[in-house]
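**Q** Here is a sequence with its predicted model. Questions after.
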Amino acid sequence: MSAFNRLPGFVETPPGLERRVLRLLPKVLILGSLLLVAPWLMGRVVSMSDPESATVSQLSTVGIYCISLLLLHWTAVLTGAIAAFIVMVMKGPAYVADAYSLDEVDTPVSAKRPPIQWRSRKP
């Protein structure tokens, strides 16, 4: 007996867009991260070559914006990866849990109770 019992007769759905998304995500993560850090790096390079061109507050502001956008980008990529993984798992084979038979119970409890008699209120 195996740990997972597949549902007999279940037809698996062929892979679709979620596989392409999962294959594309590493490239999107790396290229997007480089593009989002590029303004800060360019500001640092320019400030090293010409110290009077940019102030420290401008560079720190650009750095904070770049870091916040970088974290947002990573969160969006992670969310897309989780969504594509869930779709991939849901398209996989169906499994059946072990049956749990109730030997002691013959009929449901609601069938054994007598119906409720409602009395009308007289004023």
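**A** Alright, I've got the coordinates.

**Q** and the host helix or strand of T79, what other elements does it pack with?
**A** Using DSSP states H and E, the secondary-structure element containing T79 is helix 56-90. When contacts are defined as 3 or more Cβ pairs under 8 Å, 6 or more residues apart in numbering; DSSP states H and E, helix 56-90 packs onto helix 17-49. Every C-beta, even on glycine, is put in place using the N, C-alpha and C of the backbone.

**Q** which residues touch I67?
**A** With Cβ atoms under 8 Å, 6 or more residues apart in numbering as the criterion, no residue contacts I67.

**Q** and it, how far is that from W74?
**A** If you measure I67 against W74 using Cβ to Cβ, to the nearest Å, the figure is 11 Å.

**Q** Residue nearest the middle of this structure, spatially speaking?
**A** Central residue of the chain (Cα atoms, centre = their mean): I82, 3.2 Å from the mean position.

**Q** For A81, grab the count of nearby residues.
**A** By other Cβ atoms under 10 Å, the residues close to A81 number 16.

**Q** Name all residues that make contact with the residue lying closest to it once chain neighbours are set aside.
**A** Distances taken as Cβ to Cβ, 6 or more residues apart in numbering put L25 closest to A81, at 5.4 Å, once the chain neighbours are dropped. Contacts here follow Cβ under 8 Å, 6+ apart; on that basis L25 touches 77, 80-81, 84.

**Q** before we move on, back to that, can you give me the distance of the residue nearest to the centre of the chain to V21?
**A** When distance is defined by Cβ to Cβ, I82 is 11 Å away from V21.

**Q** Which pLDDT value belongs to the residue nearest to A81?
**A** Looking at L25, its pLDDT is 96.
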